[in-house]
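*Asks:* Sharing a model that was predicted from the sequence below.
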Amino acid sequence: MSETAAPGMNRRDLRTLTLAALGGALEYYDFIIFVFFATVIAQLFFPPDMPDWLRQLQTFGIFAAGYLARPLGGIIMAHFGDRVGRKRMFMLSVLLMAVPTLLMGVLPTYATLGILAPLLLLLLRILQGAAVGGEVPGAWVFVAEHAPRGRTGFAIGVLTAGLTFGIVLGSAIASWVNSIWSAPEVLDWAWRLPFLMGGVFGMLAVWLRRYLEETPVFEELRRRRELVQGLPLKLVLQGHRLAVFRVMLITWTLTAGIVVVILMTPALVQSQYGIPAAEAAQASTWATLSLTLGCVLYGMAVDRFGVSRVLLAGAMGLAIAAWGLYWILQHAVQHFTLAFAVGGLLVGVTGAIPSLMVNLFPARIRFSGISFAYNVAYAICGGLTPLAVSLWLRAGEPYAPVYYVAAACLAGVVAILLGRSMQSRILVTE
């Protein structure tokens, strides 16, 4: 059956996708809310006589620890996801995110616990990182294996849109807290509310995922007694090194779009172009909403035109979007918000990238293959990208973000061209 003639999604498929995407949004909110209150956390969890820049640096170091913990958490959860079931790990990841977030909301500060306060905060952040390391690749695998043939791209695009909507939700909750309560009240107690809400959101996501069923692909593997024995990661590294390499390359493209265009741009336009913080924040919200829509549109395009064509066009579009955004900042800054929104829409190609990943590994080791390659690459690229772009800008190159994104898009093109003849592996029987 051709992809264009594929059947639509029935009510059970739509319920599965909706619950998975909603749970992903709530879980990613838990992971990202930390950064919106980084300034407050820096004041509360480190010695008051410490220089502001050092407190801020150590706070972002704790935030970055969540990214560094992703590979280990992802590998462990993927191991059991390939051996005992996708659904169990899908529920565990959201629980592992909800509990630390809730505990952050009641954690005593430096004034009460001294040096133990930031150490406990670091531990909770590491647990969050381990959770998201299993959640993201696990969610892609889960919805891909549930989706009807010819609707995998749409399912993955919607799921990825749910993750990005978690960023929008975090921004909205942070804005609400800062608008309702004064700065002293936020510093005193109101900062805890978003974390407590995150814990509740996480528990809601756990409850929602109780109604999900194991993927048909995994059930078929179990029926045939073809589940992987031993270490799935060992099989990945022994027989699928090219697939690992390709996932790592395309993950660089994904991180460049998200980290540089979406996450770094609001700060860069303030420091480099003098755009007010409020305007930058508003433009960021529009860009992230556009990104959410773009993920769905690119996912639908995958089902219509095929993953290779969409990703090749999308990589070019992402590079052009980065150039256009920073050209506008140089020559027509009054149109920055519109340019950022259009750029966010084109960053939506990140919603199509996982469609390539899920097709690169056989079902019995799919979770482990994606989780290892994606999380290792994201930890490296996510950690080094801000540093590389910042140093390049300090060297006097205003288009440094553009050149970096272009290089990452080129890496993505290489990843695609290395396997143009690839056949779908979603179905066990293929």
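*Replies:* That came through fine. All figures in this text were calculated on a predicted structure; none of them were measured in a lab. Numbering: from 1, shown residues only.

*Asks:* For the rest of this, base every contact and every neighbour count on C-alpha atoms.
*Replies:* OK.

*Asks:* what does stretch 156-163 rub up against?
*Replies:* 17, 20-22, 24-25, 27-28, 139-140, 143-144, 291-300, 350-352, 354-355 (Cα atoms under 8 Å, 6 or more residues apart in numbering).

*Asks:* Same question for stretch 265-279.
*Replies:* Contact with stretch 265-279 is made by 280-281, 283-284, 329, as judged by Cα under 8 Å, 6+ apart.

*Asks:* Can you name the next helix or strand after the host helix or strand of residue 159?
*Replies:* Using DSSP states H and E, residue 159 maps to helix 152-180. Using DSSP H and E, the helix or strand that follows helix 152-180 in sequence is helix 183-185.

*Asks:* quick check: angle from the helix or strand just after that following helix to helix 152-180?
*Replies:* Counting by DSSP H and E, the element after helix 183-185 in chain order, helix or strand, is helix 192-209. Helix 192-209 runs at 150 degrees relative to helix 152-180, counting by axes from the mean of the first three to the mean of the last three Cα atoms, to 10 degrees.

*Asks:* Which strands and helices lie in contact with the helix or strand following helix 192-209?
*Replies:* On the C-terminal side of helix 192-209, the closest following helix or strand by DSSP H and E is helix 216-223. Other helices and strands packing on helix 216-223, by 3 or more Cα pairs under 8 Å, 6 or more residues apart in numbering; DSSP states H and E, are helix 116-146.

*Asks:* from the chain's centre, how far out does the helix it packs on sit?
*Replies:* Taking Cα atoms, centre = their mean, to the nearest Å, one finds the center of helix 116-146 at 10 Å from the center of the full chain.

*Asks:* Return the list of helices and strands in contact with that helix.
*Replies:* helix 11-36, helix 52-68, helix 70-83, helix 86-106, helix 110-113, helix 152-180, helix 216-223, helix 366-394.

*Asks:* Show me how far the last one is from its chain's centre.
*Replies:* Mean C-alpha position of helix 366-394 versus that of the full chain (Cα atoms, centre = their mean) differs by 11 Å.

*Asks:* Could you tell me the angle between it and helix 52-68?
*Replies:* 150 degrees.

*Asks:* Helix 366-394 - what's its average pLDDT?
*Replies:* Mean per-residue pLDDT for helix 366-394: 88.

*Asks:* So which of the contacts of stretch 265-279 are in strands?
*Replies:* Cross-referencing the contacts of stretch 265-279 against strands under DSSP state E gives no overlap.

*Asks:* Scan these and report the most crowded one.
*Replies:* residue 284 (25 neighbours; other Cα atoms under 10 Å).

*Asks:* Please give me every residue in contact with that one.
*Replies:* 262, 266, 340-341.

*Asks:* okay, the residues you listed in JSON lines with secondary structure, pLDDT and neighbour count next?
*Replies:* JSON lines is the format used below for the contacts of residue 284 (DSSP: H, G, I helix; E, B strand; the rest coil; pLDDT from 0 to 100; neighbours: other Cα atoms under 10 Å):
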{"residue": "262", "secondary structure": "helix", "pLDDT": "89", "neighbour count": "21"}
{"residue": "266", "secondary structure": "helix", "pLDDT": "85", "neighbour count": "23"}
{"residue": "340", "secondary structure": "helix", "pLDDT": "95", "neighbour count": "30"}
{"residue": "341", "secondary structure": "helix", "pLDDT": "95", "neighbour count": "22"}
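
*Asks:* angle of the helix holding residue 159 against helix 116-146?
*Replies:* Angle, helix 152-180 to helix 116-146, by the same axes, to 10 degrees: 150 degrees.

*Asks:* Tell me how far stretch 155-174 lies from the chain's centre.
*Replies:* Distance of stretch 155-174 from its chain centroid, counting by Cα atoms, centre = their mean, is 9 Å.

*Asks:* Show me which positions of it end up buried.
*Replies:* Neighbour-count burial for stretch 155-174, counted by 16 or more other Cα atoms under 10 Å, picks out 155-171, 173-174.
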